[in-house]
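Asks: Show me how the following folds:
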Amino acid sequence: IGAFAGGVGALVTNPFDIITTRIITQTPNEDEGEKPLGIIGMGRRVYEENGVQAFAVGWEARVGYWAPAISIFLSVYCSVRQAGVVNSWFPTN
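Replies: Predicted coordinates for the structure are as follows:
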């Protein structure tokens with residue numbers, strides 16, 4: 001379940017990661033009065049330059065990284081939590 005959730009999360013957030021990366025790496029020409037683009041402006045620019053497929057660039061790498069990472073995290077978290085409950089590691093008031 002963790003791998004599936006991590007993969008879906010990575011896939012769904014990929015377009016936002018593309019926009020964020022483009023915002024961070026943009027170099028507006030301030031001498032000509034060009035201002036940095038925000039989220040909406042950069043989203044429009046990405047779409048105008050490369051179409052809707054531009055928002056899916058790199059999804060394989062993101063899913064390939066996050067699916068196992070979230071799977072490992074959730075497995076370890078659930079195991080530690082269960083051990084803590086069984087062994088009374090967590091104080092109760």
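Asks: What is the end-to-end distance of stretch 31-47?
Replies: For stretch 31-47, the separation between the terminal residues is 26 Å (C-alpha to C-alpha, to the nearest Å).
Asks: which other residues reach it?
Replies: With contact meaning C-beta atoms under 8 Å, 6 or more residues apart in numbering, stretch 31-47 is reached by 15, 18, 19, 22, 23, 26, 28, 54, 55. In short, each C-beta sits where N, CA and C put it, glycine included.
Asks: per-residue confidence at the fourth one?
Replies: At residue 22 the predicted local distance difference test score is 96.
Asks: ok, now which ones touch it?
Replies: 42, 45, 46.
Asks: Out of the contacts of stretch 31-47, which one has the lowest pLDDT?
Replies: Within the set of these, pLDDT is lowest for residue 28 (86).
Asks: now that we're looking at it, how far away is residue 67 from it?
Replies: Residue 28 sits 36 Å away from residue 67, going by C-beta to C-beta, to the nearest Å.
Asks: Please apply the same query to residue 3.
Replies: Distance from residue 3 to residue 67, by C-beta to C-beta: 4 Å.
Asks: With neighbour numbers in mind, choose between these two.
Replies: Of the pair residue 3 and residue 67, residue 67 is the one with more neighbours under other C-beta atoms under 10 Å, namely 20 against 17.
Asks: Can you say which helix or strand has the closest residue to that one other than its chain neighbours in it?
Replies: Spatially, and ignoring its direct neighbours in sequence, residue 67 is nearest to residue 7 (3.9 Å; C-beta to C-beta, 6 or more residues apart in numbering). Assigned by DSSP states H and E, residue 7 belongs to helix 2-25.
Asks: what do you get for residue 47?
Replies: Using DSSP H and E, the element containing residue 47 is helix 39-50.
Asks: ok and whichever helix or strand comes after that helix relative to helix 2-25, angle-wise?
Replies: Proceeding N to C from helix 39-50, the next assigned helix or strand is helix 59-86, under DSSP H and E. For helix 59-86 against helix 2-25, the angle by axes from the mean of the first three to the mean of the last three C-alpha atoms, to 10 degrees is 130 degrees.
Asks: list the buried ones in helix 59-86?
Replies: The neighbour-count criterion (16 or more other C-beta atoms under 10 Å) identifies 59, 62, 63, 66, 67, 70, 71 as the buried residues of helix 59-86.
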